[in-house]
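> What would the 3D arrangement of this be:
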Amino acid sequence: MNEEKYNKAIDRFFLALDIAMVVLAVANLILLAVQINFETDSVRNLLQKHLPLLYKTYLPVYDHFAYIDLCFVAVFVSELLLRWAVAVYNRSYARWFFYPFAHWYDVLGCIPLGSFRILRVIRIVAILIRLQRLGIIQIRNWYIYKVFSKYINILAEEVTDRVVINVLSGVQEEVKGGIPVTGKILREVVLPRKDVLVNFMAHRLQRITRDQYLKHTDELRNTIRVSVTKAIRQNPNIRTLEQIPLIGPAASEALQQSVYDITFQTIHQIFERMATDESRLIIERVTDAAIEAVLIPEEDKKLQQTFTDMVIHALELIKEEVAIRQWQKNSL
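Residues are numbered from 1 along each chain as shown. Below you'll find the model as predicted:
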């Protein structure tokens, strides 16, 4: 027998056991209700007068009710111990003593008191779950389940949203009170991960520089050409050079092309070197120095207030998002 068939066989066994226990629980509750009413003089006199046979039949049960009720309790306790032993054998829970806490309603239902006996009927929920697991019924398709699930989710959302908003409001008040949240974040969150951040930022900067340069090389070339041409034409020395007969215009054109080529090649080499390991080390050092500069305790009150306002504003945005009732949006 494979594991799936074994699990289904176990489920069928416990399903039958659950049904039997529910039947016993209902019988016990009915017997309890009859016993309570039989203890009333008016009911007992009525039965004795109009239904003497029923009165005589139940009288031995009335006299030995405590013993009979203990028999029911013994069955429920035995069944509880059996399930506990099976759970321990199958290691259903992390610890052997977790079972009575997970099935508290069964434990309390074994107590022979009227207020606890009704808990035995909760076993009906376990029956429905087993029927669902065996594929006999589909509870999720039931209208009552969908309605119940909908309003449970609404209640859970309302409660959790209120809690989150109250917590965030408390954090905002603490930040307004002058708690150095920003400095604490920098020291305890950013600083321990500085090496990772430096490496990531250096790699990202190299990649962005390389990709954007290759993408916009032609635009950069044209921009440099236009800028160099404009600068040379506005230079009075170049205009004087152009006035030299014969060689002036040619010399000016050659100078303009030389300046353009030198400028473009210089920028081109800078961007090419940005992708090398040597430049990677320089970028990492600059990034590391920038993070270190941020981590230096800042005495500027205006900057501290700016950080505080940023944190408060960010928390306010989160509160506004949390306050949105998703169940209302979904129902539209």
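> and I152, how many neighbours?
I152: 10 surrounding residues under other CB atoms under 10 Å. Every C-beta, even on glycine, is put in place using the N, C-alpha and C of the backbone.
> likewise the one 5 residues further on?
Other residues near E157 number 15, with proximity taken as other CB under 10 Å.
> Which helix or which strand is home to it?
Assigned by DSSP states H and E, E157 belongs to helix 143-176.
> what packs against that helix?
When contacts are defined as 3 or more CB pairs under 8 Å, 6 or more residues apart in numbering; DSSP states H and E, helix 143-176 packs onto helix 301-323, helix 326-331.
> ok, 6 Å please
For helix 143-176, the packing partners by 3 or more CB pairs under 6 Å, 6 or more residues apart in numbering; DSSP states H and E come out as helix 301-323.
> And the helix it packs on, what's buried?
F307, T308, V311, I312, L315, K319, V322 (16 or more other CB atoms under 10 Å).
> Sort out which residues of the helix holding E157 are buried, please.
Taking 16+ other CB under 10 Å as the criterion, helix 143-176 shows D161, L168, V171, Q172, V175 as buried.
> Just put those residues in a markdown table and tack on pLDDT.
Shown next, in a markdown table, are the buried residues of helix 143-176 (pLDDT from 0 to 100):
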| residue | pLDDT |
| --- | --- |
| D161 | 77 |
| L168 | 80 |
| V171 | 76 |
| Q172 | 76 |
| V175 | 71 |
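> farthest residue from the center of this protein?
Distance from the centre of the chain peaks at P245, with 80.6 Å (CA atoms, centre = their mean).
> How much space separates it from Q256?
Going from P245 to Q256 by CB to CB, to the nearest Å gives 19 Å.
> What of V22?
Computed as CB to CB, the V22 to Q256 distance reads 99 Å.
> can you count the residues close to L15?
For L15, the count of nearby residues is 19 (other CB under 10 Å).
> element containing it, please.
Using DSSP H and E, the element containing L15 is helix 3-38.
> downstream neighbour of that helix in the secondary structure list?
As assigned by DSSP H and E, the chain's next helix or strand after helix 3-38 is helix 41-50.
> Identify each buried residue in the helix or strand following that next one, please.
Following helix 41-50 in sequence order, the next helix or strand is helix 52-63 (DSSP H and E). Judged by neighbour count using 16+ other CB under 10 Å, the buried positions of helix 52-63 are Y55, Y58.
> again with stretch 120-134
Of the residues in stretch 120-134, those buried (16+ other CB under 10 Å) are R120, I122, R123, A126, I127, L128, R130, L131.
> Now that stretch: average pLDDT?
On average, the pLDDT along stretch 120-134 is 74.
> what about that stretch, distance to the chain center?
Centroid separation between stretch 120-134 and its chain, computed with CA atoms, centre = their mean, to the nearest Å, is 29 Å.
> how about it as PDB, C-alpha atoms only?
C-alpha atoms of stretch 120-134 as PDB (Å, rounded to 0.1, in the frame of the first residue of the first chain):
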ATOM      1  CA  ARG A 120     -17.700  17.600  21.600                       C
ATOM      2  CA  VAL A 121     -20.000  18.600  18.800                       C
ATOM      3  CA  ILE A 122     -17.100  20.700  17.300                       C
ATOM      4  CA  ARG A 123     -15.900  17.300  16.000                       C
ATOM      5  CA  ILE A 124     -18.300  18.000  13.100                       C
ATOM      6  CA  VAL A 125     -15.700  20.500  11.800                       C
ATOM      7  CA  ALA A 126     -13.100  17.700  11.800                       C
ATOM      8  CA  ILE A 127     -15.500  15.500   9.900                       C
ATOM      9  CA  LEU A 128     -16.000  18.100   7.200                       C
ATOM     10  CA  ILE A 129     -12.200  18.600   6.900                       C
ATOM     11  CA  ARG A 130     -11.700  14.800   6.500                       C
ATOM     12  CA  LEU A 131     -14.500  14.700   3.900                       C
ATOM     13  CA  GLN A 132     -12.800  17.500   2.000                       C
ATOM     14  CA  ARG A 133      -9.400  15.800   2.200                       C
ATOM     15  CA  LEU A 134     -10.900  12.600   0.900                       C
END
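> what sits up against it?
Stretch 120-134 is contacted by residues D11, L15, D18, M21, V22, A25, Y105, G109, I137, I139 when judged by CB atoms under 6 Å, 6 or more residues apart in numbering.
> just to revisit the earlier point, just send the buried residues of helix 143-176 back as JSON lines, with distance to D218 too.
Rendered in JSON lines, the data for the buried residues of helix 143-176 read as follows (distance: CB to CB, whole Å):
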{"residue": "D161", "distance to D218": "53"}
{"residue": "L168", "distance to D218": "50"}
{"residue": "V171", "distance to D218": "51"}
{"residue": "Q172", "distance to D218": "51"}
{"residue": "V175", "distance to D218": "49"}
